[in-house]
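Participant: Mind looking at a prediction? Sequence and model below.
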Amino acid sequence: MKKDIEQRKVDDLIIAVAPRLPGEEGYEDFWDAYILNLKDEPIRSVLVNSTGYGEINGEMRRTSSLRYFWEILGPLQLEKIEPIQITLFHLAHEFWVSFSFDEYLYDKKYVFVPGSLDDRNFTEIPFLGRQGVMIR
């Protein structure tokens, strides 16, 4: 039964979105999404499924779903997931992450709701050395 399956909480994993810096290609048009492993140990078989969704002209729409995979995401390491066009900030951006750690398969959904990707929500992103929006 579903109630008999142990549900472990995902800790020490962040999805962050940060603007590109002046001088970087496309810095006026794109921000970049990152995954950060804050654990002191590697996580394995990291799968990220990303999609955007929301109302456009009175109709619910979804972007294409994209999938990214890393065999290992080292301890205290970050990886770039994908660019996000600023013209799509009116949509929700969902990142569904699954990974293996300590012989258990974890998963967690991170959703940046419309309007959350804004400099009013900036915080310092670990390992990146710049400001952005993150969900832990």
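Facilitator: Nice, thanks for sending it over.

Participant: Quick check: phi and psi on Asp29?
Facilitator: Phi and psi for Asp29, reported as degrees, to the nearest 10, are phi -110, psi -10.

Participant: didn't it look like it was pressed against Phe89?
Facilitator: No. With contact defined as Cβ atoms under 8 Å, Asp29 does not reach Phe89; the gap is 11.4 Å. C-beta here means a position set from N, CA and C on the backbone, and glycine is covered the same way.

Participant: Which one of those two is surrounded by more residues?
Facilitator: Phe89 (19 against 12; other Cβ atoms under 10 Å).

Participant: Okay, that one and Gly52: tell me how far apart.
Facilitator: In this view, Phe89 and Gly52 are 10 Å apart by Cβ to Cβ, to the nearest Å.

Participant: same deal with Arg120?
Facilitator: Arg120 is 21 Å from Gly52, by Cβ to Cβ.

Participant: who's more crowded, these two?
Facilitator: Neighbours were counted for Arg120 and for Gly52 using other Cβ under 10 Å; Gly52 has more, 21 against 7.

Participant: and the more buried one, helix, strand or coil?
Facilitator: strand (DSSP: H, G, I helix; E, B strand; the rest coil).

Participant: How about Glu82?
Facilitator: At Glu82 the chain is in strand, as set by three-state DSSP.

Participant: List the contacts of the residue lying closest to it once chain neighbours are set aside.
Facilitator: Leaving aside its chain neighbours, Glu82 sits nearest to Ala33 (5.4 Å; criterion: Cβ to Cβ, 6 or more residues apart in numbering). Ala33 is in contact with Ile15, Ala16, Val17, Ser50, Lys80, Ile81, Glu82, Pro83, Ile84, His93, Phe95, counting by Cβ atoms under 8 Å, 6 or more residues apart in numbering.

Participant: Can I get the residues you listed in a markdown table including neighbour count?
Facilitator: Shown next, in a markdown table, are these (neighbours: other Cβ atoms under 10 Å):
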| residue | neighbour count |
| --- | --- |
| Ile15 | 25 |
| Ala16 | 26 |
| Val17 | 25 |
| Ser50 | 21 |
| Lys80 | 12 |
| Ile81 | 20 |
| Glu82 | 15 |
| Pro83 | 15 |
| Ile84 | 22 |
| His93 | 25 |
| Phe95 | 21 |
